[in-house]
Each structure stands twice: as C-alpha cells, then as structure tokens.
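[1] fold the following.
(one chain, ligands or ions: 1)
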Amino acid sequence: MIKVPTLFGWMVLIRGEALLTEWRTAPGTLLSGQDAKADVLQMMYTMDPRVVHDGLHLRLARHQLAKATPDLVHLLNEEVVAALKDYIATLPTDSDGWSEFAPHNTVSKIVARASNRMLIGLLLCCNADFIQLSTNYMFEVLRTSTLLRMLPLGARRLVNWFSPMMDPYVAQASKYIVPVIRERREKMAFLNDQYVKPFDLLMWLVDEAEAQGRHTDERILVIYILMFNFIAIHTTSITMSNLISDIAERQECQAILREEARMVTGEFGWGKDALDKLVKLDSFVKESMRLRPIASIMLERFVKQDYTFSNGTTLPEGTLWTLPTRTASTLTQTSLNPGAFAISTKKQAGLPLRLPQA
Ligand code: HEM
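    Below is the predicted model of the structure:
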C-alpha cells in the first residue's frame, strides 16, 4: 500500500494480490465510488447537486442499455460504417494507396458519433458542432473540478455562486438538446400511444424522469446526456486507439483476427450473436485493455468508515483509495506470464473482475 500526497490531499494506492482481493470483496457499505467521483469531479458544481447521488445514469446503463444491446449493435454498426466512410474513406492516399491519419483524433470523432446515435439519435449525432461540444465536455469538467478542488471547501460554493463555470457550456449544449426534448414531449402529448418513440437513451431518460416524477426539467436531462458523453466517449476512444496500435504491432495476429471476422460475419452478419462468436477478437481486446489500461489509476473509492486490512494497516474514514491499474491487471490475471500479450482461441474462463459496489 502506498500513500501519495496530491494537490488535493492524500491518496492511497493498493498493491499486492491479497490486498486487491480484500478491496474487490469489500462490501458497498464500506466503500463509495459515487462519493469519490462526486468529489474528484466536483459534481455539485460542475454538474448539478441533484445528479450527485441519484444514480439514474447507473440504473439506465444497467437496465435499459443492457437490455437494448442486441438492437443497438445494428444501429451502432450502421453509424460506425457511415463515420468510417466520412472520416477514413475520404482521406488522400499516396502513390502506393496508403493514407495517413492521427488515430486518436479520428477514432474519437467516430466514437463520439456512434455514442450519440445511441444517446440522442440520428439528427444530432451527425452534427459536427454538437459532436465537438460533447467530446470537449469531459475536459471542461476536469478543468473546472481541478480549479475548484484547489480552493478551500467554503470558497468553492462562493466561486460557483458568483461564476458558475460550467453554465455557459450547459447553455450551449441545451441549444441542441432542448428542442429535441420539447419536440418529443409535444408528440407524446399529442399522439399518446400512437407515438413511435425513438430508440435512444434520451427517450429512456425522459420516460424514466416522467415515471418517477423527478428530474423532469430540461437542464437535468441535458446534464445527464452530457454525463453519458463524458462516460462513453473517451473510455471507448482510448481503448480503440490502443487496440489499433496493438493490432498494428502484432502482424502475426492480423491474419488470424481477419479470418475469424470474415468467417463469423459471413455466417451470422453484423449482430450481437456474431459479436459473441468473435472469441479471438474478444481475447485480443481484453489483452489490449489489460496491458494498456485507459488510465494509470482508476476506480477511486472513498472509505466510508475506518477499515483495518488483514495486514494491520488502518485506513481512516474519508480516505481516497484507488488502484494502480497496470500493476493490478498484470498481477491478478490467471495467465502464466501476466506481463506478456497472449490471445486465447477459446472462450476465456478467466476470473471476471468483480468490483465492489459503486
Ligand atoms: C471500452 C470502453 C469503456 C471502458 C474501458 C469503460 C470503463 C469504465 C470504468 C473503469 C468505470 C468506473 C467503474 C467504477 O469506478 O466502479 C466505468 C463506469 C461506467 N461506465 Fe464505462 N467504460 C467504457 C465504455 C462505456 C460506455 C460506452 C458506456 C455507456 C454508454 C459506459 C457506461 C458507464 C457507466 C454508466 C459507469 C458508471 C459511472 C459512475 O459510477 O458514475 N461505459 N466505465
């Protein structure tokens, strides 16, 4: 276990398989991921006090999004193909037929487009200004939260009251999102059961808010859409860019993966069933994510009550506890050579990483 001073206080990193197992199996009453995220991102001020402990985004991700996955695969495939045509097929080629592009930039645009197709629908996912806005949101939140965390607690409220730094951003996003919400609400009111609801997260958000009789105001719905953009775009873009580098570096795997994709999609098309059968690709992605995690520390948790580990170390209530990702993922794998990249040709029986309750 290492105690690291940061600009904002002490942070404890856990290392070693025994401690990691204790961390993984700790009850939700002991650790809080939501409190840690709320503090790190200063969600009270950068988003809205009402979204801090509500967990609506978690319920939507775990239920509606999970249930809709088979249908979403077709829709996402359609959007990714269209985006690839727009961003890659139009690139100039040299005399040998090669094109040059910056992978992360291009992948981010493709991912942002596909994510927003699922979040808010066809109309806005192709709007370049909206896509830029939704991609930048994460950086705005991180910048603002870092500034706020440098201030004493009392001063944050004051600064935010006098100059709510994220408000112009939310206002800009509202210009795009609010008309869509209004149009849908009008149609729902006018057509009742006859209204064929769009198949996207905004619609589930509106429905859930109405059903609960809470969070019906447009600002909160806008913030939830931005929050999903924050969660979905950069995680996926970094993972995809790393994956492209790993595939490019491992020529020996390219033919194997291409052959599997050809066989499976040839027989099953591009659907959820086919994705489930891409065993080698799945294994390759997992290895890429294991050896190149999206961040060097992740999964922050606040300790909710004093906790003493089996090695006798006590973490006092309020400690920010986090995981050095690369060390953890090369320690706890079942593979014989955890530092090496190894793909499996069978469905992996490795232990799923069971996280403590968020
Ligand atoms: C390869 C892409 C992705 C990676 C690597 C990734 C990784 C993660 C990680 C590490 C967490 C934090 C878990 C924790 O602290 O317990 C997380 C949380 C979450 N992710 Fe993802 N994610 C990805 C894509 C997505 C997408 C596309 C969505 C949905 C559209 C999504 C929805 C969520 C939600 C709702 C949470 C919970 C956030 C919270 O606790 O407030 N993720 N993800």
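[2] when you work out contacts or count neighbours from here on, use the C-alpha atoms and nothing else.
    Noted.
[3] for the strand of greatest length in the chain, list the C-alpha coordinates in PDB.
    When the chain is parsed with DSSP state E, its longest strand is strand 297-303. Taking Å, rounded to 0.1, in the frame of the first residue of the first chain, the C-alpha atoms of strand 297-303 are listed here in PDB:
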ATOM      1  CA  ILE A 297      -5.000   4.900 -11.700                       C
ATOM      2  CA  MET A 298      -8.700   4.200 -11.700                       C
ATOM      3  CA  LEU A 299     -11.700   3.000  -9.600                       C
ATOM      4  CA  GLU A 300     -11.400   5.600  -6.900                       C
ATOM      5  CA  ARG A 301     -13.300   4.900  -3.700                       C
ATOM      6  CA  PHE A 302     -13.900   6.800  -0.500                       C
ATOM      7  CA  VAL A 303     -13.600   4.800   2.700                       C
END
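[4] partner strands of it, with direction?
    strand 31-32 (antiparallel), strand 320-324 (antiparallel) (DSSP bridges).
[5] tell me how many other residues surround residue 239.
    19 (other Cα atoms under 10 Å).
[6] how about the contacts made by it?
    Contacts of residue 239 were listed using Cα atoms under 8 Å, 6 or more residues apart in numbering, and they are 288, 289, 293, 294.
[7] how close does it sit to the ligand?
    Counting by Cα to the nearest ligand atom, to the nearest Å, the gap from residue 239 to the ligand is 5 Å.
[8] quick revisit: with respect to burial, which of the strands paired with strand 297-303 scores highest?
    strand 31-32 (a mean of 24; mean count of other Cα atoms under 10 Å).
[9] got JSON lines for the strands paired with strand 297-303, with mean pLDDT too?
    Listed next are the strands paired with strand 297-303 as JSON lines, based on pLDDT from 0 to 100:
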{"stretch": "strand 31-32", "mean pLDDT": "89"}
{"stretch": "strand 320-324", "mean pLDDT": "89"}
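[10] which one, of the ones you listed, ends up nearest to residue 17?
    Residue 17 lies closest to strand 320-324 among those, at 11.9 Å (Cα to Cα).
[11] next secondary structure element downstream of the closest one?
    helix 325-331 (DSSP states H and E).
[12] re earlier: what's the closest of the strands paired with strand 297-303 to residue 208?
    Of the strands paired with strand 297-303, nearest to residue 208 by Cα to Cα is strand 31-32, at 24.5 Å.
[13] so which bits of the stretch 51-200 of the chain are right by the ligand?
    57, 58, 61 (Cα under 6 Å from any ligand atom).
[14] is the ligand within reach of the longest strand of the chain?
    Yes - Strand 297-303 comes into contact with the ligand (Cα under 6 Å from any ligand atom), by way of residue 299.
[15] partners of the following helix or strand past that strand in the sheet?
    Counting by DSSP H and E, the next helix or strand C-terminal to strand 297-303 is strand 307-308. Strand 307-308 sits in its sheet next to strand 314-315 (antiparallel), going by DSSP bridges.
[16] how far away from the center of its chain is the partner strand?
    30 Å (Cα atoms, centre = their mean, to the nearest Å).
[17] which residues are contacting it?
    303, 306, 307, 308.
[18] just to revisit the earlier point, of all the strands paired with strand 297-303, which lies closest to residue 7?
    strand 320-324 (13.0 Å).
[19] quick one: the closest one near the ligand?
    No - Strand 320-324 does not reach the ligand (Cα under 6 Å from any ligand atom); its nearest approach is 9.5 Å.
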